[in-house]
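>>> build the 3D model from these lines:
(one chain, ligands or ions: 3)
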Amino acid sequence: MSNEKGRILKISVLKYNPQVKEDKPKIVTYELEEAPGMTLFIALNEIRQHQDNSLKFDFVCRAGICGSCSMLINGKPGLACRALTSKMDADITLAPLPVFELIGDLSVFTGKWMSGMNDRLETWIHEKEEEEKACSCDTIEETMDPDLSDEIYELDRCIECGCCVAGCGTIVMRENFVGAVGLNKIARYAIDPRDKREDADYYDLIGDEDGIFGCMSLMGCEDVCPKDLPLQSKIAYMRRKMVAMKDK
Ligand code: SF4
Ligand code: SF4
Ligand code: FES
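Ligands and ions are numbered 1, 2, ... in the order given. Now for the predicted structure:
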């Protein structure tokens, strides 16, 4: 077993608890020894266990699946559980994702924002009436082209982490902008043959500046998406459709 000492990491966290009236935002720097394979999630747990049990941050899966550990890592949105400290300088700064309601320190309420966006964009399959009527135990499931189902599955991999929202310039100017996450979801339903909605219906949902026409196409969203979703091509796909509707 190696007795070699790890680097000393200096992790500076923007701490603020909005629930405590007299609290003010402050940077608190913690030092700890780096361990092999350490992620920021592990480092933050170490800090919470041994140095500051008031430190707030979220996690559930520790495997890049739940989307709850997103935060600004050296100024860029990312998942703490996927961020290896070995890939970073020893001085690391962490802050909560902007845009979302702050719970405290690194913990933000992405669920509330996502739920509002999902309600607004009706992100569920709007079944065709014939299918609803035909639905019974004897009905044979409709088949789907495997390539199309792969494409839908690819877009469904979004974990609603909020990184694309936090990295988006439009949101700063338009607080109701649906973000790449919302535009990606609409693209997902637009290609799903089970959804009866037409382009005109999607136009009602995203055919304005809070939707597709607010997007500046600079693709900060795709750069920070931890699931590598093809946001650029899906935004372009919906833009073409919505421009065609606008011109009708
Ligand atoms: S491309 Fe559009 S959705 Fe993506 S970050 Fe830029 S403005 Fe936001
Ligand atoms: S599109 Fe990517 S960055 Fe945006 S919420 Fe989904 S997984 Fe996160
Ligand atoms: S803890 Fe679930 S994505 Fe990081």
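>>> near ligand 1, which residues of this structure? Just list them.
Proximity of the chain to ligand 1 (CB under 6 Å from any ligand atom) is limited to residues 167-170, 179-180, 215-221, 235. For every residue, glycine as well, the C-beta is placed using N, CA and C.
>>> low-scoring pLDDT stretches of this protein, where are they?
The model of the chain has pLDDT under 70 over residues 1-3, 130-139.
>>> what are the boundaries of the strands in it?
8-15, 26-33, 70-73, 76-79, 91-95, 102-104, 107-108 (DSSP state E).
>>> tell me which parts of this structure are close to ligand 2?
Contacts of the chain with ligand 2, taken as CB under 6 Å from any ligand atom, map to 158-164, 180-181, 184, 225, 227, 229.
>>> from those residues, list just the buried residues.
158-164, 180-181, 184, 225, 227, 229 (16 or more other CB atoms under 10 Å).
>>> list just the nearest of these to Lys15.
Within those, the smallest distance to Lys15 is 19.8 Å, found for Gly162 (CB to CB).
>>> identify the residue nearest the closest one in space, chain neighbours excluded?
Counting by CB to CB, 6 or more residues apart in numbering, Gly162 lies nearest to Thr110, which is 4.2 Å off, once chain neighbours are set aside.
>>> contacts only, for the one you found.
Gly67, Ser68, Ser70, Leu97, Phe100, Glu160, Cys161, Gly162 (CB atoms under 8 Å, 6 or more residues apart in numbering).
>>> can you give me the offset of the lengthiest helix in the chain from its chain's centre?
Ranked by residue count, the top helix of the chain under DSSP state H comes out as helix 231-246. Centroid separation for helix 231-246 versus its chain: 21 Å, with CA atoms, centre = their mean, to the nearest Å.
>>> separation between the closest residue to Arg48 other than its chain neighbours and Tyr30?
Using CB to CB, 6+ apart and skipping residues adjacent in sequence, the residue nearest Arg48 is Leu55, 4.8 Å away. Going from Leu55 to Tyr30 by CB to CB, to the nearest Å gives 8 Å.
>>> then Asp228?
Taking CB to CB, one finds Asp228 at 31 Å from Tyr30.
>>> more neighbours: which of the two?
Neighbours around Asp228 and Tyr30, counted as other CB atoms under 10 Å, are more numerous at Tyr30. The numbers are 20 against 9.
>>> wait, doesn't that one sit right on Gln49?
No. Contact criterion CB atoms under 8 Å: Tyr30 and Gln49 do not qualify, at 11.6 Å.
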